[in-house]
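Novice: give me a model of this one.
(one chain, ligands or ions: 3)
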Amino acid sequence: MTIGRVNPNFRLEDQGIEGLGDVYYNLMEPALIEAAVKNDEGHIGQGGTFLVTTGKFTGRSPKDKHVVRTPSVEDTIWWENNAPMSPEGFDRLYEDMLAHMKGRDFYVQDLTGGADPEYAINVRMVTELAWHGLFIRHLLRRPDRDALDGYLADFTVINCPSFKADPERHDCRSDTVIAMNFDRKLILIANTEYAGENKKSVFTLLNYLLPEKGVMPMHCSANHAMDNPVDAAIFFGLSGTGKTTLSADPARTLIGDDEHGWSDRGTFNFEGGCYAKTINLSAEAEPEIYATCSMFGTVIENMVYDEETFELDFEDSSLTENMRCAYPLEAISNASDTALGGHPKNIILLTCDAYGVLPPIARLTPAQAMYHFLSGFTSKTPGTERGVVEPEPTFSTCFGAPFMPRRPEAYGNLLREKIAKHGATCWLVNTGWTGGAFGTGSRMPIKATRALLTAALDGSLNEATFRKDPNFGFDVPVTVAGVDATLLDPRATWADKAAYDAQASKLVSMFSENFEQYLPHIDDDVKAAAIG
Ligand SMILES: Nc1ncnc2c1ncn2[C@@H]1O[C@H](COP(=O)(O)OP(=O)(O)O)[C@@H](O)[C@H]1O
Ligand SMILES: C=C(OP(=O)(O)O)C(=O)O
Ligand SMILES: [Mn+2]
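Specialist: Numbering: from 1, shown residues only. Ligands and ions are numbered 1, 2, ... in the order given. As a prediction, the model looks like this:
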């Protein structure tokens, strides 16, 4: 049976997907919650949130993500970073998945990725779980109801957690799979309930498609000065570095928290919602995000709560440290209603340095910015990927290697052109450790990071006195109003200075060793910015 609103000429049957049980098209939030409760997928929480747990998979499974190796993508995919799947393996996977789906109920959400209509693509999300429908409806962009009657999808994502892949038959690594087929315009996800796979697969898709249109796709958050979209800032960062936290700034307008494009027209959010971490979330440090945890429709994933009062426990990470809430952009009071901004005036590279070596803020030349963008030094945050249990230093190029189908230079060159053309000021911000490495020191206070960003974004920090960092060659401010000057110099925060020097020189070598792979592909000015 077909229930809900859909283009009568573009039902699943029209895509060759037949024999399912009931198919629910484009249900709105209340109906999705009702369906999810009826299916026993979770519980309604305080304020009308929806509370779910996702079982074994509470973070992404990057090693199970595959790109189908067809001739048309052979030369453009960065195969060292993207696990291949044969077209035959994919075809069998699709066939087996469709057979498995027969008789089961599914939820279809016809959505869009990209706030700029010029670059938007239509993505139909077909989910076995009603709450995945609710999640992705929050996260992507919702077309007007009337537009649904003529909606056609550019790409279709099918997410079926009850299906297990067969590595032999489907040419994949395990029984969990995220398979992207750019030729067939299909993405198949199986055997994981972690909601983040839905949004990050669409992100990966846009990272593949947009560079050909001259648009730089970016793993970054974005905001702009209150009521002044021209004064935009973007914050690149791998998971857990602070994109979501720092872009929700009460003094600025939020454009988006995770995925953006930069075209000749400026910046635009790919999404229509946010996906925040809730571990140790406090009303004091992050009031806007905290407030969404008691709003109607917010999806609360893998949080422990009191079974009698339904009160959330923000400290209890026993299910995972990667506990989350998902909500539409409108849930943040000062979010932009267009999700568009100008060309970024400031570009922030967020890094979570678990070694406690990098300063809390440094100003970068364009060449240094390119060097750090390609290096992507940071730490993986516990829980965000399977198997990561403590902050794990890594070089994740473009601050988002798991989502980059193309070679890093493809993104690096686009970014570099845009920085040169629009003259953005670039900053490196360490939201990681201070006063010692992970285990000895402590995480950078959010308040200090915010104060430094405020000074960078309002232009006042440019007037500060800077010192040149002896290890990394970038400019580090010596004093900033409202921030303890000791904090600005990481060496000064370590009790054991010799230990700092040893750790810093170890990090310099790591940078230098990692960067060797890029040397054949880059220009002399970026080479000159290389460390070590
Ligand atoms: N100085 C800091 N800056 C930003 N976030 C911090 C800082 N100190 C601690 N945190 C915590 O780190 C996490 C950052 O996560 P998040 O903003 O979701 O990152 P991302 O969006 O980049 O994945 C949050 O849980 C936040 O509370
Ligand atoms: C959804 C994710 O992104 P982020 O942590 O960058 O918000 C993720 O890494 O699973
Ligand atoms: Mn985030």
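
Novice: surely residue 211 meets residue 415?
Specialist: No. Using C-beta atoms under 8 Å, residue 211 makes no contact with residue 415, being 10.5 Å away. In short, each C-beta sits where N, CA and C put it, glycine included.

Novice: the two: who's more crowded?
Specialist: Ranked by neighbour count (other C-beta atoms under 10 Å), residue 211 and residue 415 place residue 415 first, with 22 against 19.

Novice: tell me the confidence at the nearest residue to residue 369 once chain neighbours are set aside?
Specialist: If the residues on either side of it in the chain are set aside, residue 369 comes closest to residue 426, at 3.7 Å by C-beta to C-beta, 6 or more residues apart in numbering. pLDDT, residue 426: 98.

Novice: swap in the one 4 residues further on?
Specialist: For residue 430, the pLDDT comes out at 98.

Novice: residue 89 now?
Specialist: For residue 89, the model assigns a pLDDT of 98.

Novice: so for the chain, the centremost residue is which one?
Specialist: Residue closest to the mean C-alpha point of the chain, counted by C-alpha atoms, centre = their mean, is residue 258 at 4.4 Å.

Novice: near ligand 1, which residues of the stretch 151-300 of the chain?
Specialist: Proximity of the stretch 151-300 of the chain to ligand 1, by C-beta under 6 Å from any ligand atom, involves residues 237, 239-246, 257, 276-277, 279.

Novice: of the residues you listed, list those near ligand 2.
Specialist: 239-240, 243-244.

Novice: now intersect the residues you listed with the helices, please.
Specialist: If you go by DSSP state H, these have 243-244 in helices.

Novice: okay, the ones next to ligand 2 among the residues of the stretch 151-300 of the chain next to ligand 1 in a markdown table with distance to ligand 3 and neighbour count next?
Specialist: Below are these laid out as a markdown table (distance: C-beta to the ion, whole Å; neighbours: other C-beta atoms under 10 Å):
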| residue | distance to ligand 3 | neighbour count |
| --- | --- | --- |
| 239 | 7 | 27 |
| 240 | 8 | 25 |
| 243 | 5 | 28 |
| 244 | 3 | 23 |
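
Novice: okay, the ones next to ligand 2 among the residues of the stretch 151-300 of the chain next to ligand 1 in TSV with pLDDT next?
Specialist: Output for these, formatted as TSV (pLDDT from 0 to 100):
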residue	pLDDT
239	94
240	93
243	97
244	95
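
Novice: which residues of the stretch 351-500 of the chain fall in helices?
Specialist: 366-375, 408-422, 446-457, 485-488, 490-493, 497-515 (DSSP state H, counting those that start in this stretch).

Novice: and those helices: which comes nearest ligand 3?
Specialist: Closest to ligand 3 of the helices of the stretch 351-500 of the chain, according to C-beta to the ion: helix 446-457, at 14.3 Å.

Novice: show me where the stretch 51-200 of the chain has helices.
Specialist: Taking DSSP H, counting those that start in this stretch as the criterion, the stretch 51-200 of the chain carries its helices at 87-101, 130-139, 167-170, 196-209.

Novice: most packed of those helices?
Specialist: Comparing these by mean neighbour count (mean count of other C-beta atoms under 10 Å), helix 130-139 ranks first with a mean of 28.

Novice: do that helix and ligand 1 meet?
Specialist: No. Counting by C-beta under 6 Å from any ligand atom, ligand 1 is not contacted by helix 130-139; separation bottoms out at 13.0 Å.

Novice: now do that helix against helix 196-209, angle only.
Specialist: 50 degrees (axes from the mean of the first three to the mean of the last three C-alpha atoms, to 10 degrees).

Novice: mind giving me the packing neighbours of helix 130-139?
Specialist: Applying 3 or more C-beta pairs under 8 Å, 6 or more residues apart in numbering; DSSP states H and E, one finds that helix 130-139 contacts helix 29-38, strand 50-52, strand 106-113, strand 121-127, helix 196-209, strand 273-277, strand 299-301, strand 324-328.

Novice: just put those in a markdown table and tack on mean pLDDT.
Specialist: Shown next, in a markdown table, are these (pLDDT from 0 to 100):
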| stretch | mean pLDDT |
| --- | --- |
| helix 29-38 | 98 |
| strand 50-52 | 98 |
| strand 106-113 | 98 |
| strand 121-127 | 98 |
| helix 196-209 | 98 |
| strand 273-277 | 98 |
| strand 299-301 | 98 |
| strand 324-328 | 98 |
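
Novice: and the ones you listed as CSV, adding distance to ligand 3?
Specialist: Formatted as CSV, these follow (distance: least, C-beta to the ion, whole Å):
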stretch, distance to ligand 3
helix 29-38, 21
strand 50-52, 18
strand 106-113, 17
strand 121-127, 20
helix 196-209, 9
strand 273-277, 6
strand 299-301, 13
strand 324-328, 9
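
Novice: residue 441: which of the ones you listed is closest?
Specialist: strand 273-277 (20.7 Å; C-beta to C-beta).

Novice: next secondary structure after the closest one?
Specialist: Once the chain leaves strand 273-277, the next helix or strand it forms, by DSSP states H and E, is helix 287-292.

Novice: what mean pLDDT does that next one have?
Specialist: 96.

Novice: can you offset everything so residue one is 836?
Specialist: Let's use 836 as the start, then, which means that last one is helix 1122-1127.

Novice: and it, C-alpha only, in PDB?
Specialist: Provided in PDB are the C-alpha atoms of helix 1122-1127 (Å, rounded to 0.1, in the frame of the first residue of the first chain):
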ATOM      1  CA  PRO A1122      22.900  26.800  25.500                       C
ATOM      2  CA  GLU A1123      21.500  26.700  22.000                       C
ATOM      3  CA  ILE A1124      22.400  23.000  21.400                       C
ATOM      4  CA  TYR A1125      21.300  22.000  24.900                       C
ATOM      5  CA  ALA A1126      17.900  23.600  24.300                       C
ATOM      6  CA  THR A1127      17.300  21.300  21.300                       C
END
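
Novice: count the neighbours of residue 1276 for me.
Specialist: Quick note: residue 1276 (other C-beta under 10 Å) scores 19 neighbours.

Novice: once you drop chain neighbours, what's closest to it?
Specialist: Residue 1276's closest residue in space is residue 1270 (C-beta to C-beta, 6+ apart), at 3.8 Å.

Novice: next: residue 1291.
Specialist: Nearest non-adjacent residue to residue 1291 (C-beta to C-beta, 6+ apart): residue 1262, at 5.3 Å.

Novice: isn't the one you found up against residue 1196?
Specialist: Yes. Between residue 1262 and residue 1196 there is a contact at 5.9 Å, judged by C-beta under 8 Å.

Novice: between these two, which contacts overlap?
Specialist: Here residue 1262 and residue 1196 have residue 1291 as joint contacts, going by C-beta atoms under 8 Å, 6 or more residues apart in numbering.

Novice: name the residue in those two with the higher neighbour count.
Specialist: residue 1196 (27 against 24).

Novice: wait, what's in contact with the residue lying closest to that one once chain neighbours are set aside?
Specialist: Setting aside the residues directly before and after it, residue 1196 is nearest to residue 1287 in space (C-beta to C-beta, 6+ apart), at 4.5 Å. Contacts for residue 1287 (C-beta under 8 Å, 6+ apart) come out as 1195-1196, 1264, 1296, 1315, 1318.
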